[in-house]
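> Here's my sequence, what's the structure:
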Amino acid sequence: GPRQDPSFFTASVARQIARIERGLAEPVLEVGNLEGRRDLTDVRDTVRAYEAIAERGVPGRTYNVCRGEAYRIGDILDSLLSRSRMAIAVRQDPARYRPHDAPLVLGDRSRLTSELGWVPRIPIEQTLSDLREHWRKAVLAGGAVSDTGS
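The predicted structure is shown next:
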């Protein structure tokens, strides 16, 4: 969600797009493996889950805070690019591949839902839209515009 650190893929891409749109970088994204699938949860939903656990959770019990749905990284990239204000090329760079990258990271939120009634409310498209707008505003304001953290 908004204000996510650019060391994470979604924030890194959103920040790079914002920099490209402002003319601060060439219109090319360098990316690694796009085939991995990740269970992504909006931070605002995560905070609600933590509140539910703190208020009603059983002490010592494990709760998985996750959406319970995995998204292909390439599809996340495509979604972020789909609303770009200009054409941006994508180049896969094998040097950006992680040596021990799990092909699938997927959680099970069934206990969190059945015991505490928590379900994610914010659709992934809303998360990505809010993240994109956050980085557009941050770049416009001059914040986080260096190439570090991509």
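
> all contacts plus neighbour counts: C-alpha atoms, from now on.
Will do.

> can you give me the helices in the protein?
Taking DSSP state H, the helices of the chain run over residues 9-21, 43-56, 73-82, 110-116, 124-140.

> could I get those helices as a markdown table with distance to R3, mean pLDDT and mean neighbour count?
A markdown table is the format used below for the helices of the chain (distance: least, Cα to Cα, whole Å; pLDDT from 0 to 100; neighbours: other Cα atoms under 10 Å):
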| stretch | distance to R3 | mean pLDDT | mean neighbour count |
| --- | --- | --- | --- |
| helix 9-21 | 8 | 95 | 24 |
| helix 43-56 | 9 | 98 | 15 |
| helix 73-82 | 16 | 97 | 16 |
| helix 110-116 | 25 | 98 | 16 |
| helix 124-140 | 7 | 96 | 18 |
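
> can you list those in JSON lines and add distance to R91?
Below are the helices of the chain laid out as JSON lines (distance: least, Cα to Cα, whole Å):
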{"stretch": "helix 9-21", "distance to R91": "13"}
{"stretch": "helix 43-56", "distance to R91": "29"}
{"stretch": "helix 73-82", "distance to R91": "12"}
{"stretch": "helix 110-116", "distance to R91": "38"}
{"stretch": "helix 124-140", "distance to R91": "20"}
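
> Select, out of these, the one closest to A95.
helix 9-21 (15.1 Å; Cα to Cα).

> Give me the contacts around the closest one.
Contacts with helix 9-21, where a contact means Cα atoms under 8 Å, 6 or more residues apart in numbering, come from 3-6, 25-27, 29, 76-77, 80-81, 84-86, 88, 128, 131-132, 135-136, 139, 145, 149-150.

> how many other residues sit next to D39?
16 (other Cα atoms under 10 Å).

> so who does it touch?
C66, R67, G68, E69, A70, Y71, V105, L106, G107.

> and G36, which of the helices of the chain is closest to it?
helix 73-82 (5.7 Å).

> quick check: angle from that closest one to helix 9-21?
30 degrees (axes from the mean of the first three to the mean of the last three Cα atoms, to 10 degrees).

> What distance do you get for the closest residue to A25 other than its chain neighbours to D93?
In space, A25 comes closest to R19 once its chain neighbours are excluded; the distance is 5.8 Å by Cα to Cα, 6 or more residues apart in numbering. In this view, R19 and D93 are 20 Å apart by Cα to Cα, to the nearest Å.

> Fine, thanks again, bye for now.
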